[in-house]
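A.B. asks: Just to be clear, the model below is a prediction. Sequence and coordinates:
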Amino acid sequence: MTTAQLPPTLPQVSWSRRHLLGLEELSAEEIRTALQCSAYFARCSASGEPPRPLLAGKTVANLFFEDSTRTRSSFSLAARRLGGEVLDFHASASSLSKGETILDTARTIEAMNVDALVVRHRTPGAPHLLAQNLQASVINAGDGPHEHPTQALLDMLTIQQHRGRIEGLTVALVGDIAHSRTARSNIWGLLRLGAHVILCGPATLVSRRWEALGVEVSYSLDEILPRCDVLNLLRIQFERQQARPFPSVREYAHLYAMNRQRLQRARPDVLIMAPGPINRGVEITADVADGSHSVILRQVTNGVAVRMAVLWLCLCVAAGESG
Ligand code: CP
């Protein structure tokens, strides 16, 4: 067996957090550790090496009070692939309709000997409230427009895999920054790891207040395009908006959609990313979404590895059971 064929070795890391609530509170070192472990689980999956049952005897509950395809599925797969049990809670078919609060709901699920709650809720801070009141680990799977830490970790893992680094790269987050938890978590993570971050979109959706953190703000995609190593195209979240933030979807697409013409003016090795779900023809055209620069499905694949890493770190390493 050559060195290249040897199975990857479980990293020996230090991690003390039982909860993952956001990237704002993480140090650069902690983000690097999460990415190192994610890269390990991604290499295990790619090599076909079955992961060790690091979560054997642990139960992870998915508490999603908002819809999800990618995040919920990948947390379930991540826990199962590590030998854990998964309890799927469906808000729409639960006793919430009878007046039970989110806290009582979470305490009820926790009382079934659950070790971790993966929480998505439309209210910013909902996972923090649960973390303060429960013994179980709480992982934020998206709280309103606030944070989506595992999404940003999988975005950064994907950039690292394709560029070998984050530091010194120019990464543009394009679109609905105002309502995007993915944007917020990416801003914290990318800044900590030394990227140059550009926020780009209509003035109604991109606030200049981010400039205070050292982020560049631009209202012209065409102007920033030739400088970007990575373009992360965010969906317009109409469901979180009271009024339409621009005259028409057609005008938005004209100014901000990543299309073939714009791709020709971008760097030859530009990475096209999107957290998904994507709206083809709005923030990205179908040919670009499915084209050779796009790593959108690689992001989805990496989502499982990142969630394996986060569950292992918070449930095992933080408890002194690193395996
Ligand atoms: N990116 C993301 O969070 O997708 P889902 O809403 O499908 O989980």
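C.D. replies: Looks like it came in fine. Given the structure is predicted, the values throughout are model-derived calculations rather than measurements.
A.B. asks: tell me which residues in stretch 223-242 are buried?
C.D. replies: By 16 or more other Cβ atoms under 10 Å, the buried positions in stretch 223-242 come out as 224-225, 228-237. Where C-beta positions appear, they are placed from N, C-alpha and C, glycine not excepted.
A.B. asks: Same check on stretch 109-128?
C.D. replies: By neighbour count on 16+ other Cβ under 10 Å, the buried set for stretch 109-128 is 109-110, 114-121, 125-128.
A.B. asks: cool, stretch 24-35 as well?
C.D. replies: Neighbour-count burial for stretch 24-35 flags 26, 30-35 (criterion: 16+ other Cβ under 10 Å).
A.B. asks: one step back: what's the closest of the buried residues of stretch 223-242 to the ligand?
C.D. replies: Nearest to the ligand among the buried residues of stretch 223-242: R235, at 8.8 Å, using Cβ to the nearest ligand atom.
A.B. asks: Quick check: that closest one touching H179?
C.D. replies: No - here R235 does not reach H179: they are 9.2 Å apart, not a contact under Cβ atoms under 8 Å.
A.B. asks: list the residues that contact both of the two?
C.D. replies: By Cβ atoms under 8 Å, 6 or more residues apart in numbering, R235 and H179 have no common neighbours.
A.B. asks: which residues does H196 bridge with?
C.D. replies: Taking DSSP bridges as the rule, H196 bridges to T170.
A.B. asks: Let me see the contact set for it.
C.D. replies: Contacts of H196 by Cβ under 8 Å, 6+ apart are 168-171, 216.
A.B. asks: where's it relative to T170, distance?
C.D. replies: For H196, the distance to T170 equals 5 Å [Cβ to Cβ, to the nearest Å].
A.B. asks: ditto for I236
C.D. replies: From I236 across to T170, the span is 23 Å (Cβ to Cβ).
A.B. asks: likewise R265?
C.D. replies: Remark: distance between R265 and T170 (Cβ to Cβ) = 15 Å.
A.B. asks: Check L55 too.
C.D. replies: Taken as Cβ to Cβ, the span from L55 to T170 is 38 Å.
A.B. asks: ok, now G83?
C.D. replies: G83 sits 41 Å away from T170, taking Cβ to Cβ as the criterion.
A.B. asks: Next: I278.
C.D. replies: 22 Å.
A.B. asks: ok, R265 and T170, which is more surrounded?
C.D. replies: More neighbours surround T170 than the other of R265 and T170, with 16 against 10 (other Cβ atoms under 10 Å).
A.B. asks: near the ligand, which residues of this protein show up?
C.D. replies: For the chain, the contact set with the ligand under Cβ under 6 Å from any ligand atom comprises 68-71, 142, 151, 275-277.
A.B. asks: Going by neighbour count, which of these are buried?
C.D. replies: Buried among the residues of the chain next to the ligand (16+ other Cβ under 10 Å): 68, 70-71, 142, 151, 275-276.
A.B. asks: now for the residues you listed, which pair is the farthest apart?
C.D. replies: Greatest spatial distance among these (Cβ to Cβ): G142 and G276, at 12.4 Å.
A.B. asks: And the pLDDT for A4?
C.D. replies: pLDDT, A4: 52.
A.B. asks: typo on my end, it should be R192
C.D. replies: 98.
A.B. asks: What are the boundaries of the strands in the stretch 201-323 of the chain?
C.D. replies: Here the stretch 201-323 of the chain has its strands, by DSSP state E, counting those that start in this stretch, at 216-218, 230-233, 271-273.
A.B. asks: Same list (these) but as JSON lines, adding mean pLDDT and distance to P11.
C.D. replies: Formatted as JSON lines, the strands of the stretch 201-323 of the chain follow (pLDDT from 0 to 100; distance: least, Cβ to Cβ, whole Å):
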{"stretch": "strand 216-218", "mean pLDDT": "98", "distance to P11": "34"}
{"stretch": "strand 230-233", "mean pLDDT": "98", "distance to P11": "25"}
{"stretch": "strand 271-273", "mean pLDDT": "98", "distance to P11": "25"}
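A.B. asks: Fine, thanks again, bye for now.
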